[in-house]
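Student: no sequence on this one, just coordinates:
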């Protein structure tokens, strides 16, 4: 178990269990435990809601009680939206997953308990846990959907595990064009603008500087310079062809 | 607009739109815009999925095109799971909301475009945006549900806006007991254990130190000390009563 285990206590809706599996798969978690799902297991509808994360549903292990579901773990978080008057440490999702990462790093098994859709975890179930996780929600609207709660934990786990690495970094990796190329581009624009009497008398120096600043803000790559230079050339050539 | 605006482009499923509203309400967002929802608007089923966030659904504004939906904004993010070959800056949800906070702080209107459930945003729609947001998903399972994507953005926004404040902080605010009380507790336990010959000859100092370390790790509050002392007293008294 080199990831946190997700434990759903008496989940009711097949769609929610499927969405939980999908959320786990999105962020690289895989171990799901179900404590006495209401109306039995497997449930119709879970697979389609899992949207392809069937390996997680099929690997899910069933338990009769929360106590049995956490028996082999070393550290357990309980999620709750309400204060329960238990003298436990309270984490947000981010700090909780920092704690989980440290514990898993030294070989501990870590699990997160999630309660029933309507009523959450019972106080006796929360009492099984070492600490509490709650979410930085708007107190006026604090009820998170079950799969949404699992998603936030999975997301915060993965941010820590991968250092927030994104699946792609963008094309904008080409470095800014060499200064020589940029200055040559400025000279070219300014010459073409002069040729069409763009600058009022005596205003050229200040206007040219302002326009250079616009282009500097772009941090143009070589390709950007070529693209823009080509566009200006096209305008200028069209004018020359019309002239005679 | 002192929050980011959520813009859904051609959303299809009523349940997803309702879940989007719920996710926004969980984290204090309120402005929703819908671009040509498939099969019209309002949709049956959206309200029940919103689970009480009806003010957001009822306040949602309708547009024909993405371009019209962002016309009044100053800065626009487009979300996508796939690289699109567009030379835009790519943010994760956390860095994107740091950027949004800075812009909203100086009075800019900021929006986030989300695409269709199956096919996402079209390249021309992404081209309307200043930059791209993508999620730190497992590349093998990168398809986030629409409401889950909105949830992550709303969550990261709120973390920044509130500094990650949680709705409750836990009861564990009572400070560790004064050292005098702790030492008196140790003396009491050790005397009771000595009375029942718990310590083998010569082992008392080391065994007592080890047990003190166990209790030190607890960082006991005054109430903790009273609770544990009471439990030990109950055991000791029962023994004395049985003795004669």
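Tutor: Ah, there it is. Quantities reported herein were computed from a predicted structural model and do not represent experimental measurements.

Student: Not counting stretch A:114-122 itself, show me its contacts.
Tutor: For stretch A:114-122, contacts defined as CB atoms under 8 Å, 6 or more residues apart in numbering or on different chains pick out A:6-13, A:16, A:66, A:78-82, A:113, A:125, A:145-146, A:149-150. Every residue, glycine included, has its C-beta placed from N, CA and C.

Student: Could you list the buried residues of that stretch?
Tutor: Neighbour-count burial for stretch A:114-122 flags A:114, A:115, A:116, A:117, A:120, A:121 (criterion: 16 or more other CB atoms under 10 Å in any protein chain shown).

Student: thinking again about what came up before, give me the subset of the contacts of stretch A:114-122 touching chain B.
Tutor: Restricting the contacts of stretch A:114-122 to those near chain B by CB under 8 Å from any CB of the partner chain leaves A:81, A:82, A:145.

Student: quick one, phi psi at the second one?
Tutor: I take that to be residue A:82. The phi and psi values for residue A:82, taken as degrees, to the nearest 10, are phi -120, psi 150.

Student: what are the bridge partners for the closest residue to it other than its chain neighbours, then?
Tutor: Once flanking residues are discounted, residue A:82 sits nearest to residue A:120: 7.2 Å by CB to CB, 6 or more residues apart in numbering or on different chains. Per DSSP bridges, the residues bridged to residue A:120 are residue A:116.

Student: Please tell me the pLDDT value assigned to residue A:120.
Tutor: With respect to pLDDT, residue A:120 scores 95.

Student: Kindly state the pLDDT recorded for residue A:219?
Tutor: In this model, residue A:219 is scored at 84, pLDDT.

Student: distance of the residue lying closest to it once chain neighbours are set aside from chain B?
Tutor: The spatially closest residue to residue A:219, leaving aside those adjacent along the chain, is residue A:176, at 4.9 Å (CB to CB, 6+ apart). Distance of residue A:176 to chain B, given as CB to the nearest CB, to the nearest Å: 13 Å.

Student: Which phi and psi values does residue A:176 adopt?
Tutor: phi -60, psi 150.

Student: Dig out what it forms beta bridges with.
Tutor: residue A:221.

Student: Make sure it is actually in contact with residue A:223.
Tutor: No - using CB atoms under 8 Å, residue A:176 is not in contact with residue A:223; the gap is 11.2 Å.

Student: who has more neighbours, these two?
Tutor: Neighbours were counted for residue A:176 and for residue A:223 using other CB atoms under 10 Å in any protein chain shown; residue A:176 has more, 15 against 12.

Student: dump the residue contacts of the more buried one.
Tutor: Here residue A:176 is in contact with A:182, A:219, A:220, A:221 (CB under 8 Å, 6+ apart).

Student: quick one: what helix or strand has the residue nearest the centre of chain A in it?
Tutor: In chain A, the residue lying closest to the centroid (CA atoms, centre = their mean) is residue A:155, at 6.3 Å. Assigned by DSSP states H and E, residue A:155 falls within helix A:146-162.

Student: tilt between that helix and helix B:146-162?
Tutor: 70 degrees (axes from the mean of the first three to the mean of the last three CA atoms, to 10 degrees).

Student: helices and strands around helix A:146-162, which ones?
Tutor: strand A:5-9, helix A:14-26, helix A:93-105, strand A:110-114, helix B:14-26, helix B:146-162 (3 or more CB pairs under 8 Å, 6 or more residues apart in numbering or on different chains; DSSP states H and E).

Student: looking at these, which is closest to residue A:39?
Tutor: helix A:14-26 (8.7 Å; CB to CB).

Student: Which strands border the helix or strand just after the closest one, and is each parallel or antiparallel?
Tutor: Downstream of helix A:14-26, the next assigned helix or strand under DSSP H and E is strand A:32-35. Applying DSSP bridges to the sheet, strand A:32-35 is found paired with strand A:5-9 (parallel), strand A:61-63 (parallel).

Student: What lies in contact with strand A:32-35?
Tutor: Residues outside strand A:32-35 that contact it (CB under 8 Å, 6+ apart): A:5-11, A:17, A:20-21, A:24, A:41, A:56-57, A:59-66, A:68-69, A:111.

Student: do stretch A:51-63 as well
Tutor: Residues outside stretch A:51-63 that contact it (CB under 8 Å, 6+ apart) are A:17-18, A:21-22, A:24-25, A:29-37, A:41-42, A:46-47, A:50, A:69, B:141, B:143, B:145.

Student: Please point out which parts of it sit buried.
Tutor: Buried residues in stretch A:51-63, counted by 16+ other CB under 10 Å: A:51, A:53, A:54, A:56, A:57, A:60, A:63.

Student: got the buried residues for the helix or strand of chain A with the lowest mean pLDDT?
Tutor: Least confident element among the helices and strands of chain A, by mean pLDDT, DSSP states H and E: helix A:222-242 (a mean of 86). Buried positions in helix A:222-242, judged by neighbour count with 16+ other CB under 10 Å: A:224, A:225, A:228, A:229, A:236.

Student: Then stretch A:179-193?
Tutor: Using 16+ other CB under 10 Å as the test for burial, stretch A:179-193 gives A:182, A:185, A:188, A:189, A:190, A:193.

Student: so where does the third one fall, helix or strand?
Tutor: Taking DSSP H and E as the definition, residue A:188 sits inside helix A:179-195.

Student: which residue packs closest to the residue nearest to the centre of chain A, ignoring adjacent ones?
Tutor: residue A:27 (5.4 Å).

Student: mind checking how far the closest residue to residue A:181 other than its chain neighbours is from chain B?
Tutor: Nearest residue to residue A:181, sequence neighbours excluded (CB to CB, 6+ apart): residue A:225, at 5.5 Å. Per CB to the nearest CB, residue A:225 is found 13 Å from chain B.

Student: Then residue A:28?
Tutor: 4 Å.

Student: show me the contacts for that residue.
Tutor: A:3, A:154, A:157, A:158, A:161, B:138.

Student: quick one, phi psi at residue A:132?
Tutor: Residue A:132 adopts backbone torsions of phi -110, psi 140, taken as degrees, to the nearest 10.

Student: Next: residue A:52.
Tutor: Taking degrees, to the nearest 10 as the convention, residue A:52 sits at phi 110, psi -10.

Student: what does residue A:28 give?
Tutor: phi 80, psi 10.

Student: Roughly how far does it sit from residue A:154?
Tutor: 8 Å (CB to CB, to the nearest Å).

Student: Ok, residue A:233 next?
Tutor: 52 Å.

Student: how about a markdown table for the ones next to chain B among the contacts of stretch A:114-122, with pLDDT, neighbour count and distance to residue A:107 added?
Tutor: Formatted as a markdown table, those follow (pLDDT from 0 to 100; neighbours: other CB atoms under 10 Å in any protein chain shown; distance: CB to CB, whole Å):
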| residue | pLDDT | neighbour count | distance to residue A:107 |
| --- | --- | --- | --- |
| A:81 | 90 | 17 | 31 |
| A:82 | 87 | 12 | 33 |
| A:145 | 95 | 23 | 33 |
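
Student: Could you dump these into TSV and include distance to residue B:106?
Tutor: Listed next are those as TSV, based on distance: CB to CB, whole Å:
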residue	distance to residue B:106
A:81	34
A:82	37
A:145	34
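
Student: Tell me the one of those nearest residue A:208?
Tutor: Using CB to CB, residue A:145 comes nearest to residue A:208 of these, at 57.5 Å.

Student: isn't that closest one right up against residue B:22?
Tutor: Yes - using CB under 8 Å, residue A:145 is in contact with residue B:22, at 6.6 Å.
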